[in-house]
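Novice: Just to be clear, the model below is a prediction. Sequence and coordinates:
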Amino acid sequence: VFDEDNAASYLQFNTKILKTDFIAFDEIREEIVNVYIPYANITNYFFERYGEFEYRHSMSILLESLLELDPNPAPVVYLHAHQNQYELVIIEDQKLLFANSFQYDTKEDFLYYLLFTAEQLNLDPLKFELILLGSIEKESEEYQMAWNYIKNISFSGPFHPYSFKEEVNPANQLSEYLILKSL
């Protein structure tokens, strides 16, 4: 029940909103709207330098790409990691159950947000599938800690049709997921 005139009210409980803030939103599907405050200084710079352009929030790009994947009747948990932050998206049968971003300082924080969200949605860590994207590797402390509690962990497979002149490390391809999906 999204109302464009009240866009700021969707953010007021978890974001400090200034009177000068511009509230933007992306319609992902008829029933999904991502409301956010864009970085005005960055968008203004690009507008002044290159003229009019279209921008979207990274979560919107992530949601759209994940919702296009083949449907799975069981809940699938996607975790897109980057620089002490991750987006957690849970989809069941091409329906969005949950989407949020978490900042973490320690590997314990990383695990806490993941397991707490699973608990709130009654997902059994021994049964649900966790698919990792972004800047996370099997050797990372976060992965090792998650593996102690979640048994069905995998990395997203090839997700783009591009070929590169030089061989690209698969881990680097995962870290550029959102950039390539935004093309």
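Specialist: Structure received.
Novice: Enumerate the strands of this protein by residue range, in sequence order.
Specialist: Using DSSP state E, the strands of the chain run over 24-29, 32-36, 76-82, 85-92, 95-103, 129-134, 152-155.
Novice: Mind pulling the model confidence for residue 10?
Specialist: On pLDDT, residue 10 comes in at 87.
Novice: Name the residues that touch stretch 53-71?
Specialist: Contacts with stretch 53-71, where a contact means C-beta atoms under 8 Å, 6 or more residues apart in numbering, come from 24, 26, 28-29, 32, 34, 36, 38, 43, 46-47, 78, 80, 87, 89, 91, 93-94, 96, 99, 101, 159, 177-178, 181-182. Heads up, the C-betas are built off the backbone N, CA and C, glycines and all.
Novice: could you redo the last one with a cut-off of 7 Å?
Specialist: Residues outside stretch 53-71 that contact it (C-beta atoms under 7 Å, 6 or more residues apart in numbering) are 26, 28, 32, 34, 36, 38, 43, 46-47, 78, 80, 87, 89, 91, 93-94, 96, 99, 101, 178, 181-182.
Novice: which intervals of this protein have sub-threshold pLDDT?
Specialist: Within the chain, the stretches with pLDDT under 70 are 157-183.
Novice: Let's see that with 80 instead.
Specialist: Within the chain, the ranges that satisfy pLDDT under 80 run 1, 157-183.
Novice: for it, what spans make up the helices?
Specialist: 7-11, 40-50, 58-67, 107-120, 141-147, 170-175, 177-181 (DSSP state H).
Novice: Buried residues, the fifth one. List them.
Specialist: Applying a neighbour-count criterion of 16 or more other C-beta atoms under 10 Å, one finds 142, 143, 145, 146 buried in helix 141-147.
Novice: mind listing what the nearest residue to the second one once chain neighbours are set aside touches?
Specialist: Same thing as residue 143. Ranked by C-beta to C-beta, 6 or more residues apart in numbering and with sequence neighbours excluded, the top spatial neighbour of residue 143 is residue 136, at 6.0 Å. Each residue near residue 136 by C-beta under 7 Å, 6+ apart is listed here: 81, 142, 143.
Novice: Got the phi and psi for residue 136?
Specialist: The phi/psi pair for residue 136 (degrees, to the nearest 10) reads phi -150, psi 140.
Novice: Could you report the distance from it to residue 110?
Specialist: 9 Å (C-beta to C-beta, to the nearest Å).
Novice: Now for those two: what residues contact both?
Specialist: residue 142.
Novice: Can you name the residues that contact the residue most central in space within the chain?
Specialist: Nearest to the geometric centre of the chain sits residue 87, at 3.5 Å (C-alpha atoms, centre = their mean). Contacts for residue 87 (C-beta under 7 Å, 6+ apart) come out as 59, 62, 80, 101.
Novice: and the first one, how many neighbours?
Specialist: Just to be clear, that refers to residue 59. 19 (other C-beta atoms under 10 Å).
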